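>>> Show me how the following folds:
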Amino acid sequence: MMKGDLNDEGRIDYAVGQKIRQRRVALGMAQQVLGQSLGLTFQQVQKMESGKNRVGAGRLWQLAGILDVPISYFYGGLARQPAPDDPQGKTNHAAVDHFLGRREGQKMAGALYDMSPSIRTAIMRLITAIDEQGTPRP
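Numbers count the residues shown, from 1 in each chain. Modelled structure (predicted):
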C-alpha cells in the first residue's frame with residue numbers, strides 16, 4: 001500500500017503504526033516480544049505497524065503502557081505546524097519518521113546528540129554537500 005494512495009483514515013493508521021514501530025525499535029523490543037505482551041502474533045504486530053490493521057482504543061491503551069508512552073505519543077506530528085526553525089514547513093516529516101523508525105537511524109541520532117555542537121554542524125555541512133551532489137537514494 002502506497003502512503004500517497006491512502007485516505008485520511010489510512011494516513012492516520014499508517015502514522016500510528018509507524019510511531020508504534022519507532023518506539024518499539026527505540027526500546028530494542030522485537031515484534032515477537034511486543035506481540036506476546038499484547039496476546040498477538042508477530043505477524044499481527046507487523047500489520048499493525050504497517051497500518052494494514054487498525055489499532056483500536058483498547059489496544060492503544062495497552063501499547064501505551066507496554067511502550068511506556070502517553071497515548072498522545074502515537075498521534076504526535078499528525079497536525080503539524082511549521083517549527084520555529086522551519087517556518088516554510090520544508091521538513092520532510094515522513095522521511096524523519098522513517099529514519100527514526102530504524103535502528104540505524106536511532107543509533108545515528110543518538111551519536112549525533114552526544115557530539116559537540118561544532119562537530120554536529122560540520123557533519124550537517126558534509127551531509128548537505130553530499131545531498132546537493134545528487135547522490136541517489138536507495
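>>> need the longest helix for this protein.
Longest helix in the chain, counting residues (DSSP state H): helix 8-26.
>>> helices or strands up against that one?
Where contact means 3 or more C-beta pairs under 8 Å, 6 or more residues apart in numbering; DSSP states H and E, helix 8-26 is packed against helix 42-50, helix 57-67, helix 93-100, helix 103-114. In short, each C-beta sits where N, CA and C put it, glycine included.
>>> residues in contact with the next helix or strand after that helix?
Note on helix 8-26: by DSSP states H and E, the next helix or strand toward the C-terminus is helix 31-38. Residues outside helix 31-38 that contact it (C-beta atoms under 8 Å, 6 or more residues apart in numbering): 24, 40-42, 44-46, 49, 59, 62-63, 66-67.
>>> rerun that using 7 Å as the cut-off
Identification of contacts with helix 31-38 by C-beta atoms under 7 Å, 6 or more residues apart in numbering yields Arg24, Thr41, Phe42, Gln44, Val45, Gln46, Arg59, Gln62, Ile66.
>>> Just give me the closest of these to His98.
Of all the contacts of helix 31-38, Arg24 has the smallest distance to His98: 14.7 Å, by C-beta to C-beta.
>>> Give me the nearest residue to the closest one, chain neighbours excluded.
Leu34 (5.5 Å; C-beta to C-beta, 6 or more residues apart in numbering).
>>> How many neighbouring residues does that neighbour have?
Neighbours of Leu34 under the rule other C-beta atoms under 10 Å: 23.
>>> If I average pLDDT within each of the helices and strands packed on helix 8-26, which one is lowest?
Of all the helices and strands packed on helix 8-26, helix 93-100 carries the lowest average pLDDT, namely a mean of 72.
>>> chain center to that helix: distance?
Put simply, helix 93-100 sits 6 Å off its chain's centre (C-alpha atoms, centre = their mean, to the nearest Å).
>>> Centre-most residue in this structure?
Nearest residue to the geometric centre of the chain (C-alpha atoms, centre = their mean): Asp97, 3.4 Å.
>>> Name the residues of the helix or strand of the chain with the lowest mean pLDDT that come out as buried.
Ranking every helix and strand in the chain by mean pLDDT, DSSP states H and E puts helix 93-100 at the bottom, with a mean of 72. For helix 93-100, burial by neighbour count (16 or more other C-beta atoms under 10 Å) applies to Asp97, Leu100.
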